[in-house]
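1. Coordinates for the following, if possible.
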Amino acid sequence: MTATSRSGRSAQVVLADIRDTPLSLDELVAAVRDPQAGAVVTFVGFVRDHDHGLAVEVLEYSCHPSAVDVANQLVERLAEEGTVVRLGVVHRVGRLEVGDIAVVAAVSAAHRREAFDVCRRLIDEFKASVPIWKHQTFADGADEWVGLP
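-> Predicted coordinates for the structure are as follows:
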């Protein structure tokens, strides 16, 4: 889908999804590449082996049924600003092990500054607004939920 900004420039939303299968940085980079873009900026979030000073064994992400719609609304809003060429973001749900990719975002733009700025906003606003919850289990058997309303 393409969104046209007030300035007349347009950006294309190429991907905004939630999946229960492994994610690919290469897929997102290929999706946002465009001859108009001199820069592609990415963010990859991995499951780390610790949190709060405790060893993390496993994470399980779940989401509200509206999560894909909320993700699409966010990406469309950023596209309407017209400062970039293409945008995409995908988050994984289900059981993830340490080292697995949890989220990938990619943005292409004519110049790196715009691509960096929008990619940072994309991932920050995605994490703040898309209803995805993390249940992490620690090596000592303790667990916690993160991101619940």
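
2. could you point out which element follows the helix ranked longest in the chain?
-> Ranked by residue count, the top helix of the chain under DSSP state H comes out as helix 112-129. Per DSSP states H and E, helix 112-129 leads on to strand 132-138 as the next helix or strand towards the C-terminus.

3. Show me what that next one is in contact with.
-> The contact list for strand 132-138, computed with CB atoms under 8 Å, 6 or more residues apart in numbering, reads 18, 51, 54-64, 67, 91, 93, 143-148. Every residue, glycine included, has its C-beta placed from N, CA and C.

4. among these, which ones are buried?
-> Among these, those classed as buried by 16 or more other CB atoms under 10 Å are I18, V56, V58, L59, Y61, C63, A67, H91, V93.

5. could you dump the residues you listed to CSV with pLDDT and distance to D26?
-> Formatted as CSV, those follow (pLDDT from 0 to 100; distance: CB to CB, whole Å):
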residue, pLDDT, distance to D26
I18, 98, 19
V56, 95, 26
V58, 92, 25
L59, 95, 23
Y61, 97, 21
C63, 97, 24
A67, 97, 24
H91, 98, 17
V93, 98, 21
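
6. Looking at those residues, spot the one nearest A39.
-> A39 lies nearest to H91 out of the buried ones among the contacts of strand 132-138, by CB to CB, at 23.0 Å.

7. what is the nearest residue to that closest one once chain neighbours are set aside paired to in the beta sheet?
-> Closest residue in space to H91, ignoring its immediate chain neighbours: V103 at 4.6 Å, by CB to CB, 6 or more residues apart in numbering. Beta-bridge pairing of V103 under DSSP bridges involves G45, H91.

8. got a list of what V103 touches?
-> L23, F43, V44, G45, V89, V90, H91, R92, I123, F126, K127.
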